[in-house]
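Peer 1: Predicted model and sequence follow; I will ask about them next.
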Amino acid sequence: MSKTVETQDPGSRFTQTLNAAAKLPGVRIDRDNYLRAALKRHCTEEQIESAVASNPAAAGIPVAVIRAVANDSIKYETAKVTTLSTAAGIPGGFAIIGTIPADIVQYFGHVLRIAQKLAYIYSWPDLFAEDGDSLDDATEGILTLFVGVMFGVQLAQAGVAKVSTMIAGQVLKKLPQQALTKGAIFPVVKKVAAYLGIRLTKQLFAVSVAKIVPVLGAVLSGGLTLATFLPMSKRLQKHLASLEMTKPRLQAVEDESALGEESREVNSAKTEGT
């Protein structure tokens, strides 16, 4: 007699976790408020408002300042997630949400928080749609790629680089919806999600084993979080910092291009008038 065993698609498992984490209170980062608070100690009011209106690169924020802000954000989120993970490592510390332990969801909540903070300081547009806290397809796609970079997935690095090129080349104020949902980047997102789903399954097993031993499980859980979250955050920071769109000189190039285009239009008008 044969039995039918239903298995969840790895990509779907990761997507489920991502969406659950995004719904947690405090996970969504308000871009404008974050930039104002993060840059307050380093920049003038004029620079800050320019960074909010456009982005830190366009505002000419020095690379050293951007790096310092990014490092501070990483330290803050690492401390928070490690403390919570230690508490969650105690059996009964957190309840179970569906088939995914709440501490895993909590962990990914902080992954999303640091991903947003790093994206904003490195000149990415607002990742969430203005009409709600839920993930639309484009947001889900870019966050999947960011998490993929954090886990060292090279395919995700290439995907993020392509999206950044689209944003910089077209001077976009929001994510390229078409590319992330139906275009060239979409297959990359699906592959990265499947890979992360497999990694998530292994992580669920490790967490379950750690919780078998009280107290020791808490220490292991907190230590494991510290050992993974910090290098993962640094990996994303390094990749975002390497992208051309994060360089302060980008705005000067765009301004020169705009002036050149304006000059060509003026000359063309003069030619037609003669």
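Peer 2: In hand now; what should we look at?
Peer 1: Which stretches in the stretch 1-150 of the chain count as helices?
Peer 2: Secondary structure of the stretch 1-150 of the chain by DSSP state H, counting those that start in this stretch: the helices cover 10-22, 31-39, 45-53, 63-88, 102-121, 137-150.
Peer 1: Output these as TSV; include the columns distance to residue 187, mean neighbour count and mean pLDDT.
Peer 2: Quick note: C-beta positions are derived from backbone N, CA and C, even for glycine. Formatted as TSV, the helices of the stretch 1-150 of the chain follow (distance: least, Cβ to Cβ, whole Å; neighbours: other Cβ atoms under 10 Å; pLDDT from 0 to 100):
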stretch	distance to residue 187	mean neighbour count	mean pLDDT
helix 10-22	12	20	86
helix 31-39	28	18	97
helix 45-53	34	16	95
helix 63-88	30	18	83
helix 102-121	21	24	90
helix 137-150	11	24	95
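Peer 1: Adding distance to residue 241, write these out as JSON lines.
Peer 2: Shown next, in JSON lines, are the helices of the stretch 1-150 of the chain (distance: least, Cβ to Cβ, whole Å):
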{"stretch": "helix 10-22", "distance to residue 241": "24"}
{"stretch": "helix 31-39", "distance to residue 241": "15"}
{"stretch": "helix 45-53", "distance to residue 241": "16"}
{"stretch": "helix 63-88", "distance to residue 241": "7"}
{"stretch": "helix 102-121", "distance to residue 241": "9"}
{"stretch": "helix 137-150", "distance to residue 241": "12"}
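Peer 1: Looking at those helices, which is nearest to residue 247?
Peer 2: helix 63-88 (7.7 Å; Cβ to Cβ).
Peer 1: now the closest one against helix 102-121, angle please.
Peer 2: 170 degrees (axes from the mean of the first three to the mean of the last three Cα atoms, to 10 degrees).
Peer 1: Which pLDDT value goes with residue 156?
Peer 2: Residue 156 carries a pLDDT value of 97.
Peer 1: Next, count neighbours for it.
Peer 2: 26 (other Cβ atoms under 10 Å).
Peer 1: which non-adjacent residue is nearest it?
Peer 2: residue 148 (2.7 Å; Cβ to Cβ, 6 or more residues apart in numbering).
Peer 1: again with residue 47
Peer 2: Residue 47's closest residue in space is residue 59 (Cβ to Cβ, 6+ apart), at 5.4 Å.
Peer 1: residues touching the one you found, list them.
Peer 2: For residue 59, the contacting residues are 43, 47-48, 50-51, 251, by Cβ atoms under 8 Å, 6 or more residues apart in numbering.
Peer 1: among the helices of the stretch 1-150 of the chain, which is nearest residue 173?
Peer 2: helix 45-53 (10.0 Å).
Peer 1: one step back: so which of the helices of the stretch 1-150 of the chain is nearest residue 196?
Peer 2: Using Cβ to Cβ, the nearest of those to residue 196 is helix 10-22, at 4.4 Å.
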